[in-house]
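[1] Predicted model, plus sequence, below.
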There are 2 protein chains.
Amino acid sequence: MNYELSHRMAALQPSLIREILKSTSDPSVISFAAGNPAPNAFPVQEVTEIAAEILRQEPISALQYSVTEGYPPLREACKRMLRERYGISTEGNELIIISGAQQGADLAAKVLVNEGDTVLCEDPSFIGCLNTFRSYRCNLVGIEMESDGLNLEQLERAMREQPNVKLLYLIPNFQNPTGITTSLEKRQAILELANRYNVVILEDNPYGDLRFSGSPVPSIKSMDTTGAVIYNGSFSKILAPGLRVGFLLAPTELVGKLTVGKQCADVHTNILAQMICHRWLTSCDLDAHLQRISSIYKGKCQLMLDGIEKEFASSVTHTVPDGGLFLWCTLPEGADMLDFCRKAVEKKVAVVPGSAFLADETAPCRSFRMNYSTPTDENIVKGVALLGELTKQLF
Amino acid sequence: MNYELSHRMAALQPSLIREILKSTSDPSVISFAAGNPAPNAFPVQEVTEIAAEILRQEPISALQYSVTEGYPPLREACKRMLRERYGISTEGNELIIISGAQQGADLAAKVLVNEGDTVLCEDPSFIGCLNTFRSYRCNLVGIEMESDGLNLEQLERAMREQPNVKLLYLIPNFQNPTGITTSLEKRQAILELANRYNVVILEDNPYGDLRFSGSPVPSIKSMDTTGAVIYNGSFSKILAPGLRVGFLLAPTELVGKLTVGKQCADVHTNILAQMICHRWLTSCDLDAHLQRISSIYKGKCQLMLDGIEKEFASSVTHTVPDGGLFLWCTLPEGADMLDFCRKAVEKKVAVVPGSAFLADETAPCRSFRMNYSTPTDENIVKGVALLGELTKQLF
């Protein structure tokens, strides 16, 4: 057979960083390259009890086919959480359960984006969703990130000048990869621009509950009165990513098509996992749980920041996140970032080259992403010291 | 906001049959319209014990992020099953775990089909996958089904004359919706044509293990020596559809792209569910289990066939499946099938209008699908009698 690949997949090349990420399967390498929740953040006991309870009480419901929109009690519980916890009105909107937030990006693009249409994103942004958008052969345009969110002038120019701008992808809280939180003022301004230029915002908020300093900033969806925002939520960082459960709150007019899109993709999300999320969400002390896991990340983040302050060459700058799992380091001008990352792997420490997160992966980039949630405390200290040595050798 | 939907989703209209399917949520309606496994076919006790065991022994692995290709021990167990149970050589191929077989159709189309390319399918065929192909804006061309599989002349003509034929979608065993099994001779001929015209076959085999009469026919994949076939398997009918676990065995050259496609879609399949499938597959007596559930379906199918023979007007014909969940009835010439289905719902029995399964849903159709796996035995007898009355009134 002579396989002829589709244009969409032929264009998606394995990234340069694959090589570096591969090294993380070597157990002697300290990996700051992942994005996994800390193992001790999982409520193992609760999930174990809940799973047993479900399979004892409603085994057939947990194993049989279910509806595409999601398990109705979970949909209600998520809507209640959005209203009560985040002040998001669900009126004029509907909520569907999805197989992790990645599917939310896929469905939003499937429903809104034709080949050649423009998708705007923060630059840098989460590579997983950028690849999803690329798989729709869109015109992916990155808008420069500043310390308080997007550069608004660039955003407006792109909305005005790029062809058929359909979607703006944002991670307003503790962004992946930078750790940056978009300010309230910018959220308001972005929403206004989206309305002015008729662009749907996909607000991806997987990390919002993992705040460990500063005050919560209202979500863009909570300010949305015109149906400009699709809100993408996830159980991956607050409960367990292996369950692959997230949710989309979207304007009612879009929900029918999002649901048809999901039906074509995977019929429905694993129903046992949906039932686990439902019972967990409605029975746990969510405040206490989130406080507990945020304090885990606060400790790990501080450990990494302390190490960076102590060990890194002072010409290397970094962000100071108020929550989430990541921080973003930038090497001094003239530095060869890919060379730095390669040398770090030789020293048995893996970080992710920042170019992986750019809309244009070939653009110049002096930054790299560091994750503090996955490594042990011991490895954070050890790995940062090794990276520090390298910065002092090179810069 | 003024939403502009993508062309791909704007074209996917809710089907005419939605109205009829909606009636099945009315508990007083006897539904032959579903496709769910019988509740007593689920190995509830085993799954309950296995889930508890996993969460006791390896809770973090079951809750943490995992790799896109799937849980390695499950991939191995599936490959072993394919080799030992079905004589499928896995050499030159690789197996990945997917979120149900529907995702297999989505990934195959994503990797191989551009807008305007041709996808060939049996006519009628499984509506879920047809909609998936439609979502890629392909030229979907149905090939007439005969009692032993596709019309080969039509198939060859379509391969020769249709533009850019990329994929042939087949359900060779106990096809949905007809219950027809493709003969060995036709499987060989189809494979030869696929090779001659360089068309990849997607062999979807969710029902193959549910044989209750006749002898197994080798899968097309087992005869594939050139990498012409992607084999799509599923745990939905042998274990539990709510888990959403299936697998693709595909030529190694395609697996990388299929994996990137999956990564864009949902990162990976629920890992707890994958671990459940693995432990179940490697610990259960699969022969005994499949014999038990096939005999459930044999009994239900026979009950429905007996009722049809006894109650239906003799001018209504039907298939006699050797396995699976469905049979296919055809009304006499001149009958208005949609009218029949509507009148059936008025009598509180739901069947699926056959036109729903056609590549061209507006083509003339006198057939409807009946499912015997979901209804109780009592409802099979009662529902068939009600339908019989109607056939005798009308034909």
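    Thanks, I have it.

[2] And for residue A:168, nearest residue in space, chain neighbours not counted?
    Distance criterion CB to CB, 6 or more residues apart in numbering or on different chains; nearest residue to residue A:168, sequence neighbours excluded, is residue A:120 at 4.5 Å. Bear in mind the C-beta positions are built from the backbone N, C-alpha and C, glycine included.

[3] check contacts around that neighbour.
    Listed by CB atoms under 8 Å, 6 or more residues apart in numbering or on different chains, the contact partners of residue A:120 are A:141-143, A:155, A:158-159, A:162, A:165, A:167-169, A:199.

[4] From the residues you listed, which land in strands?
    If you go by DSSP state E, the contacts of residue A:120 have A:141-143, A:165, A:167-169 in strands.

[5] Who wins on neighbours among those?
    Neighbour tally across the ones in strands among the contacts of residue A:120 (other CB atoms under 10 Å in any protein chain shown): the maximum, 29 neighbours, falls on residue A:168.

[6] Surely that one touches residue A:199?
    Yes. Proximity of residue A:168 to residue A:199 meets the contact threshold set by CB atoms under 8 Å, at 5.3 Å.

[7] Give me the common contacts of those two.
    Shared contacts of residue A:168 and residue A:199, defined by CB under 8 Å, 6+ apart, are found at A:120, A:159.

[8] buried stuff in the lengthiest helix in chain A?
    Taking DSSP state H as the criterion, chain A has its longest helix at helix A:286-311. By neighbour count with 16 or more other CB atoms under 10 Å in any protein chain shown, helix A:286-311 contains the buried residues A:289-290, A:293-294, A:296-298, A:300-301, A:303-305, A:307-308, A:311.

[9] just stretch A:134-144 next, same as before
    For stretch A:134-144, by 16+ other CB under 10 Å, it's A:134-143.

[10] Provide the backbone phi and psi angles at the residue nearest to residue A:289 when sequence neighbours are not counted.
    Spatial nearest neighbour of residue A:289, excluding adjacent residues (CB to CB, 6+ apart): residue A:43 at 6.4 Å. Per-residue torsions, residue A:43: phi -80, psi 70 (degrees, to the nearest 10).

[11] Surely residue A:43 is in contact with residue A:284?
    Yes. Using CB under 8 Å, residue A:43 is in contact with residue A:284, at 6.9 Å.

[12] Whatever residue of the stretch 51-200 of chain A ends up closest to chain B: how many residues sit nearby?
    Nearest to chain B in the stretch 51-200 of chain A, going by CB to the nearest CB, is residue A:63, at a distance of 3.7 Å. If you count neighbours by other CB under 10 Å, residue A:63 ends up with 26.

[13] What sits closest to it if chain neighbours are left out?
    Of all residues not flanking residue A:63 in the chain, residue B:240 sits nearest, at 3.7 Å (CB to CB, 6+ apart).

[14] Residue A:256 - how many residues pack around it?
    Using other CB under 10 Å, residue A:256 is surrounded by 15 other residues.

[15] how about it, secondary structure?
    helix (DSSP: H, G, I helix; E, B strand; the rest coil).

[16] In contact with the closest residue to residue A:126 other than its chain neighbours, which residues?
    Using CB to CB, 6+ apart and skipping the chain neighbours, the partner closest in space to residue A:126 is residue A:176 (4.5 Å). Contacts here follow CB under 8 Å, 6+ apart; on that basis residue A:176 touches A:35, A:125-126, A:206-207, A:324-326, A:357, A:369.

[17] In the residues you listed, which residue is surrounded by the most others?
    Neighbour counts for the contacts of residue A:176, by other CB under 10 Å, peak at residue A:324, which reaches 30 neighbours.

[18] State the distance from that one to residue A:306.
    Taking CB to CB, to the nearest Å as the measure, residue A:324 falls 18 Å from residue A:306.

[19] Residue A:186: what's it in contact with?
    A:148-150, A:152.

[20] Ok, residue A:140 next?
    Counting by CB under 8 Å, 6+ apart, residue A:140 touches A:118-119, A:121, A:130, A:133-134, A:359.

[21] Could you pull out the strands in chain A for me?
    Under the criterion DSSP E, chain A contains strands at A:30-31, A:93-98, A:118-123, A:139-146, A:149-150, A:165-170, A:200-204, A:229-234, A:246-251, A:317-318, A:326-330, A:349-350, A:352-353, A:367-371.

[22] Make a markdown table from those strands and add mean pLDDT to it.
    Shown next, in a markdown table, are those (pLDDT from 0 to 100):
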| stretch | mean pLDDT |
| --- | --- |
| strand A:30-31 | 94 |
| strand A:93-98 | 98 |
| strand A:118-123 | 98 |
| strand A:139-146 | 98 |
| strand A:149-150 | 98 |
| strand A:165-170 | 98 |
| strand A:200-204 | 98 |
| strand A:229-234 | 98 |
| strand A:246-251 | 98 |
| strand A:317-318 | 98 |
| strand A:326-330 | 98 |
| strand A:349-350 | 95 |
| strand A:352-353 | 94 |
| strand A:367-371 | 97 |
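
[23] what would the ones you listed look like in CSV with distance to residue A:219?
    Converted to CSV, the strands of chain A look like this (distance: least, CB to CB, whole Å):
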stretch, distance to residue A:219
strand A:30-31, 31
strand A:93-98, 13
strand A:118-123, 16
strand A:139-146, 18
strand A:149-150, 13
strand A:165-170, 10
strand A:200-204, 6
strand A:229-234, 7
strand A:246-251, 10
strand A:317-318, 26
strand A:326-330, 19
strand A:349-350, 33
strand A:352-353, 27
strand A:367-371, 24
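
[24] close to chain B, is stretch A:102-117?
    Yes. Stretch A:102-117 comes into contact with chain B (CB under 8 Å from any CB of the partner chain), by way of A:102-103, A:106, A:110-115, A:117.

[25] Pick out whichever of those sits closest to residue A:270.
    Nearest to residue A:270 out of the residues of stretch A:102-117 next to chain B is residue A:103 (CB to CB; 11.9 Å).

[26] And the pLDDT for the closest one?
    For residue A:103, the pLDDT comes out at 98.

[27] What residues of stretch A:80-95 count as buried?
    In stretch A:80-95, counting by 16+ other CB under 10 Å, buried: A:81-82, A:86, A:88, A:90, A:93-95.

[28] got a list of contacts for that stretch?
    A:70, A:75, A:78-79, A:208, A:218-219, A:221-222, A:227, A:231, A:233, A:247-252, A:255, A:281, A:286.

[29] got it, and stretch A:258-270?
    Taking CB under 8 Å, 6+ apart as the rule, stretch A:258-270 contacts A:65-70, A:96-99, A:103, A:106-108, A:110-111, A:243-245, A:248, A:250, B:9, B:12, B:14, B:99-100, B:102-103, B:106, B:128, B:131-132, B:135, B:242-244, B:265-266, B:270, B:273.

[30] What count of nearby residues applies to residue A:203?
    A total of 28 residues lie near residue A:203 under the criterion other CB under 10 Å.

[31] thought it was touching residue A:217?
    No. In this structure residue A:203 lies outside contact range of residue A:217 using CB under 8 Å: 11.9 Å.

[32] Setting the sequence-adjacent residues aside, check what's closest to residue A:338.
    With sequence-adjacent residues excluded and distances taken as CB to CB, 6+ apart, residue A:338 is closest to residue A:353, at 5.6 Å.

[33] whoops, residue A:221 was the one
    Leaving aside its sequence neighbours, residue A:221 sits nearest to residue A:231 (CB to CB, 6+ apart; 4.1 Å).

[34] what does residue A:327 give?
    Closest residue in space to residue A:327, ignoring its immediate chain neighbours: residue A:179 at 4.7 Å, by CB to CB, 6+ apart.

[35] cool, and residue A:26?
    Distances taken as CB to CB, 6+ apart put residue A:348 closest to residue A:26, at 7.9 Å, once the chain neighbours are dropped.
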